[in-house]
Structures are given as structure tokens and as C-alpha cells.
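A.B. asks: here are the coordinates; sequence isn't available:
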């Protein structure tokens, strides 16, 4: 159903945390595969991908997205931590809606800090709408964000 694309470079430690967060969604069938767009890591990123079953692609987010098998792309930074109910919210979105969605990080409970920070954690977009779009995650959020729903 969903291909998770993770742009990474020397990100083994935060990537391990993200991958562990995705396991229950993979078991449930929501996450079909994970493709890591590696920018030339010198750390254990490649070994982590091999051990976890994630596909490692040397190149851009677009190159990684092209290797995915899902109908939707969920593009996340390695350090992303999603809210507890993210699986249910994402599943509902992909089953009932067609527009992109911005995935929001959970609030930290410090209202001033929460007001100042960008809570956008990732992007959820149909493969056919993505169409090989180029750019980093911030640029992709700007491109698709205007018409996007908010999840989180």
C-alpha cells in the first residue's frame, strides 16, 4: 500500500529508530516497503538497510521513489518520530482521500516552543501525483503542501 522513502546520509542511529517505528505498520500491511535514498553514507546506514530489509538506493528521493512498490509514498526524514495514532490516521487517509497530506510531528507540550517550530515531519502523496518530483523533503512539502491535508 505505502512505500516509505527516507533520504539519509550518515543517519544510521536515527534511521534505526524510524525503522523500528515502521515495523508494526509493515506487519499490518500498511507499509509495503522502505527505500532509503542514500547520499553517500560512511556510517552503518547500508548495513542497517541490509539487516532490516530496507532497499538502499544511492541517489535522490525521486530515484528511491521509483524503486518503491506502493501506490502511495510516505517521505520521512530519518529522525522523524510520528504520533502514536499515525498508522490509523494514515490508513484512513489513503483509503478515503486522494490529496497529499503533511504528516505532523507530535506536540511536545511546551506551547511557546510548539508555536515556533515547524511540525511538518513528512509528506504522504500518491505515486501518480508525485510523478518523479525532484528536490529535498522541504521542497517537496512546499510543492505539495498547499493542497495537502494535515495528519497528526
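C.D. replies: Happy to help now that I have it. Everything quoted here is computed from the prediction, not taken from an experiment.
A.B. asks: going forward, measure contacts and count neighbours with C-alpha atoms only.
C.D. replies: OK.
A.B. asks: contact partners for residue 141?
C.D. replies: The neighbours of residue 141, taking CA atoms under 8 Å, 6 or more residues apart in numbering as the test, are 102, 122, 123.
A.B. asks: so the last one sits against residue 102, correct?
C.D. replies: Yes. Residue 123 lies in contact with residue 102 (CA atoms under 8 Å); the separation is 4.8 Å.
A.B. asks: okay, strands next: where are they in the protein?
C.D. replies: Counting by DSSP state E, the segments of the chain that form strands are 2-8, 31-38, 55-58, 72-76, 101-104, 120-126, 149-151.
A.B. asks: most tightly packed of these?
C.D. replies: Ranked by mean neighbour count under mean count of other CA atoms under 10 Å, the strands of the chain are led by strand 2-8, which reaches a mean of 26.
A.B. asks: list the neighbouring strands of it plus their orientation.
C.D. replies: Using DSSP bridges, the strands paired with strand 2-8 in its sheet are strand 31-38 (parallel), strand 72-76 (parallel).
A.B. asks: one step back: can you lay out the strands of the chain as CSV showing distance to residue 64 and mean pLDDT?
C.D. replies: Formatted as CSV, these follow (distance: least, CA to CA, whole Å; pLDDT from 0 to 100):
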stretch, distance to residue 64, mean pLDDT
strand 2-8, 7, 97
strand 31-38, 5, 97
strand 55-58, 6, 96
strand 72-76, 10, 97
strand 101-104, 19, 90
strand 120-126, 14, 88
strand 149-151, 23, 87
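A.B. asks: those: which one's closest to residue 135?
C.D. replies: strand 2-8 (10.7 Å; CA to CA).
A.B. asks: mind listing what residue 8 touches?
C.D. replies: So residue 8 contacts 15, 36, 37, 38, 39, 41, 77, 78 (CA under 8 Å, 6+ apart).
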